[in-house]
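# My questions concern the predicted model and sequence given below.
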Amino acid sequence: MNRTSCRKALPKSTVTAPKEPLIFGVFVIGLLTGCSSSPAPVDVRVAEASDNAYIVELQSKEDGLEVTELEVNRGQCQPRYARNRGQRPPPYTLNYLESRQTDWVCRGNPVREVKIVTNKGTSVVSY
């Protein structure tokens, strides 16, 4: 049965748009931003800066978000704070859409997991 005949056979309220574009879009967003064990109050982005060096950027989705701890690859990566670029260790507070970057050195493995502890709870984002 073709799509036109389906529309005629079903009431208008039951005809829905195809779900394939939505599923594909959700899949792509998951690849770009990682997967979280719970809804994170921050967006987390990771970029490779050079061999074994990565930049982790947090962007707040809420006002008054206090970041108290960051951990990459379960403690196997070490932070390197570039103070000339405004980087400093937690704790710090981010308001809506504010972001903060931190450089990380990960010997032997790329960034696979970022743990963020905030005043709104703990989130783990996996890549």
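Yep, that arrived. Numbers count the residues shown, from 1 in each chain.

# only C-alpha atoms for contact and neighbour calcs from this point on.
Will do.

# Is the residue most central in space within the chain bridged to anything, and to what?
What sits nearest the mean C-alpha location of the chain, by CA atoms, centre = their mean, is residue 44, with 3.4 Å. Partner residues in beta bridges with residue 44: residue 58, with DSSP bridges as the criterion.

# Same check on residue 121?
Beta-bridge pairing for residue 121 (DSSP bridges): residue 118.

# Grab the nearest non-local neighbour of residue 115.
The shortest distance from residue 115 to any residue other than its chain neighbours is 4.4 Å, reached at residue 124 (CA to CA, 6 or more residues apart in numbering).

# Relative to residue 96, how far out is the one you found?
Separation of residue 124 from residue 96 (CA to CA, to the nearest Å) stands at 20 Å.

# more crowded one of those two?
Each of residue 124 and residue 96 has its neighbours counted (other CA atoms under 10 Å); residue 124 has more, 20 against 14.

# just checking, the residue nearest to the centre of the chain touches residue 61?
No: with contact defined as CA atoms under 8 Å, residue 44 does not reach residue 61; the gap is 10.6 Å.

# okay, now residue 82: neighbour count?
By the measure other CA under 10 Å, the count of residues near residue 82 is 12.

# so what's it up against?
88, 102, 103 (CA atoms under 8 Å, 6 or more residues apart in numbering).

# just the strands in this structure please.
For the chain, applying DSSP state E gives strands covering 35-36, 42-50, 53-60, 65-72, 78-80, 92-94, 99-105, 113-118, 121-126.

# Now tabulate the ones you listed in TSV and tack on mean pLDDT.
Converted to TSV, the strands of the chain look like this (pLDDT from 0 to 100):
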stretch	mean pLDDT
strand 35-36	50
strand 42-50	94
strand 53-60	96
strand 65-72	97
strand 78-80	95
strand 92-94	97
strand 99-105	96
strand 113-118	97
strand 121-126	95
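
# ok, the residue nearest to residue 115 to residue 44 distance?
From residue 124 over to residue 44 (counting by CA to CA), the distance is 10 Å.

# For residue 85, see how far away the closest residue to residue 113 other than its chain neighbours is.
On the basis of CA to CA, 6+ apart, the spatially nearest residue to residue 113 that is not a chain neighbour turns out to be residue 126, at 4.3 Å. Residue 126 sits at a distance of 26 Å from residue 85 (criterion: CA to CA).

# Alright, calling it a day.
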